[in-house]
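Engineer: No sequence on hand, only this structure:
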């Protein structure tokens, strides 16, 4: 999704032009404990920004030149800690998703956070119109990785949460999807433990047949895609998303970023880490609408989000690993071949 790539650009508070030049860099608020977590375009050609301020949350609106129009803090809204991790536009306002810290529990000498996912609907001044937080039973630390609005107005949120095995005093991650209607009423919530291994749902999109499709990874089991009924959340089928070039590599995969192109094809990106140790790498693959691999590219670093550009080009967000820092790169590639047109180093993350 385009807003996900802009999230990384926001970490630099800059705006990248097609000529590969940074036009402006401006601060939002001057606090050491503050950082942005997501961004989405607004109707005035500016941006809405969701972020964290210590253990609380903030929302900011900036114009097309990067000047702050207003900021809103929600630190006194509830006694619990709130973490906004995504913001996306709705027909008459904006939806914000995140996790609400509700405490912690102890087991085997370890402390585990407990939190619940929440959804806010806010107007264009940042005022909350309604809140929906009865989305999952109380569980371990929650991460909402993606959310989309369907054509009927329903909202789908996906992510994972921590569950504790009381017998082994260990924890693992279980993926989930939640559907709420335009008024915030929960319609269904489902868990997808799959093989029982640690697993992550990274992104969700809607297929031409109306089904939901979630991309993700299972630790030690490769890359997966879950096709889900949008009306019930029931799992229809699981697809293997592992690029053929990685089939012989015994590796862990943690996130699988999937972006749907205008022609219905799919761009899959992410990274892998060999279980036996050593240096991992990145992968990028182009799939047909029927999930056939058209081409694949392997590289170093960590590939994240992709954005479809004009003239059959795709922009790839990549993190290069240096000895003491991580460097953000953007690569412009040909959609049909995967050949690189240009690469620009944006800065340190």
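Structural biologist: Received, thanks. Fair warning: this is a prediction, and the values are worked out from it, not measured in the lab. Residues are numbered from 1 along each chain as shown.

Engineer: Setting aside sequence neighbours, what's the nearest residue to the spatially most central residue of the chain?
Structural biologist: Taking C-alpha atoms, centre = their mean, the centroid of the chain lies closest to residue 145, which sits 3.8 Å from it. Spatial nearest neighbour of residue 145, excluding adjacent residues (C-beta to C-beta, 6 or more residues apart in numbering): residue 159 at 4.5 Å. No exception for glycine: its C-beta is placed from N, CA and C like everyone else's.

Engineer: Output the contacting helices and strands for the helix or strand harbouring that neighbour.
Structural biologist: Assignment of secondary structure by DSSP states H and E places residue 159 within strand 155-165. With contacts taken as 3 or more C-beta pairs under 8 Å, 6 or more residues apart in numbering; DSSP states H and E, strand 155-165 sits against strand 93-107, strand 110-122, strand 139-140, strand 142-149, strand 170-180, strand 199-206.

Engineer: now it against strand 199-206, angle please.
Structural biologist: Counting by axes from the mean of the first three to the mean of the last three C-alpha atoms, to 10 degrees, strand 155-165 lies at 170 degrees to strand 199-206.

Engineer: In its sheet, which strands sit next to strand 155-165, and in what direction?
Structural biologist: Take DSSP bridges as the rule and strand 155-165 pairs in its sheet with strand 142-149 (antiparallel), strand 170-180 (antiparallel).

Engineer: between the ones you listed, which gets the lowest average pLDDT?
Structural biologist: The weakest mean pLDDT among the strands paired with strand 155-165 belongs to strand 170-180, with a mean of 79.

Engineer: how about it: buried residues?
Structural biologist: Within strand 170-180, the residues that qualify as buried by neighbour count (16 or more other C-beta atoms under 10 Å) are 171-180.

Engineer: Can you name the element that comes right after that strand?
Structural biologist: Following strand 170-180 toward the C-terminus (DSSP H and E): strand 186-192.

Engineer: Just give me how far that next one sits from the chain centre.
Structural biologist: Its chain's average C-alpha position is 19 Å from that of strand 186-192, according to C-alpha atoms, centre = their mean, to the nearest Å.

Engineer: Just list the residues touching residue 263, thanks.
Structural biologist: residue 289 (C-beta atoms under 8 Å, 6 or more residues apart in numbering).

Engineer: coming back round to it: which one of the buried residues of strand 170-180 sits closest to residue 286?
Structural biologist: The nearest member of the buried residues of strand 170-180 to residue 286, counting by C-beta to C-beta, is residue 175 at 24.6 Å.

Engineer: Now the closest one. Nearest residue, chain neighbours left out?
Structural biologist: residue 201 (4.0 Å).

Engineer: from what I can see the one you found touches residue 159, true?
Structural biologist: Yes. Taking contacts as C-beta atoms under 8 Å, residue 201 lies within contact range of residue 159: 6.4 Å.

Engineer: what do those two both touch?
Structural biologist: Common neighbours of residue 201 and residue 159 (C-beta under 8 Å, 6+ apart) are 145-146, 175-176.

Engineer: For the helix or strand containing residue 215, which helices and strands make contact with it?
Structural biologist: Using DSSP H and E, residue 215 falls within strand 212-218. Contacts defined by 3+ C-beta pairs under 8 Å, 6+ apart place strand 212-218 against strand 170-180, strand 199-206, strand 222-228, strand 251-260.

Engineer: follow-up on the earlier one: is the residue nearest to residue 175 bridged to anything, and to what?
Structural biologist: Counting by DSSP bridges, residue 201 forms beta bridges with residue 216.

Engineer: how about it, what does it touch?
Structural biologist: By C-beta under 8 Å, 6+ apart, residue 201 lies in contact with 145-146, 158-160, 175-177, 192, 214-216, 226.

Engineer: how about stretch 50-60: buried residues?
Structural biologist: 50-53, 56-60.

Engineer: again with stretch 229-242
Structural biologist: Neighbour-count burial for stretch 229-242, with 16+ other C-beta under 10 Å as criterion, is recorded at 230, 233, 241-242.

Engineer: same thing with stretch 340-349?
Structural biologist: residue 346.
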